[in-house]
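Colleague: Below: sequence and its predicted model.
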Amino acid sequence: MSPPYPPIPPLRAEVQPPRTRLGEVFVPGHWHWDGREYQWNPGHWTVQPVGMARFVPGRWAARGGNWEWIPAHWDR
């Protein structure tokens, strides 16, 4: 059985713009399936929440013959 949509394209190379303030972490870009095709969501800077230790980027994972998006999150 083939997956309902094509494999995820390779990640795009991104140039990180300069950080605008201390405490920001760069969230890398990723592909998003819109129901018809993959759309690129570019990376951006975000403020690290108080009490959180590190940023865990989102990723695609193969599950049961399909691909599933595991969202980015903060880890303590």
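Modeller: Perfect, I can see it now.

Colleague: how about the nearest residue to residue 59 once chain neighbours are set aside, what does it touch?
Modeller: Residue nearest to residue 59 in three dimensions, not counting chain neighbours: residue 70, with 5.2 Å by C-beta to C-beta, 6 or more residues apart in numbering. Bear in mind the C-beta positions are built from the backbone N, C-alpha and C, glycine included. Going by C-beta atoms under 8 Å, 6 or more residues apart in numbering, residue 70 touches 58-61.

Colleague: Quick check: mean pLDDT of stretch 61-75?
Modeller: Stretch 61-75 comes out with an average pLDDT of 84.

Colleague: Could you give me the buried positions within it?
Modeller: Going by neighbour count (16 or more other C-beta atoms under 10 Å), the buried part of stretch 61-75 is residue 67.

Colleague: what's the spacing between that stretch and its chain's center?
Modeller: 10 Å (C-alpha atoms, centre = their mean, to the nearest Å).

Colleague: Endpoints of that stretch, how far apart?
Modeller: This stretch, stretch 61-75, spans 19 Å end to end (C-alpha to C-alpha, to the nearest Å).

Colleague: now stretch 23-42
Modeller: End-to-end distance for stretch 23-42, by C-alpha to C-alpha: 20 Å.

Colleague: okay, now the nearest residue to residue 28 once chain neighbours are set aside: neighbour count?
Modeller: Once flanking residues are discounted, residue 28 sits nearest to residue 43: 4.6 Å by C-beta to C-beta, 6+ apart. Residue 43 has 17 neighbours, counted by other C-beta atoms under 10 Å.

Colleague: shouldn't residue 43 be in contact with residue 27?
Modeller: Yes: with contact defined as C-beta atoms under 8 Å, residue 43 counts as touching residue 27 (5.8 Å).

Colleague: ok, back up a step: check contacts around the residue nearest to residue 28.
Modeller: Counting by C-beta under 8 Å, 6+ apart, residue 43 makes contact with 14, 16, 26-29.

Colleague: make it 6 Å
Modeller: The contact partners of residue 43, by C-beta atoms under 6 Å, 6 or more residues apart in numbering, come to 14, 26-29.

Colleague: And the residues you listed, which of them are buried?
Modeller: For the contacts of residue 43, buried by 16+ other C-beta under 10 Å: 27-29.
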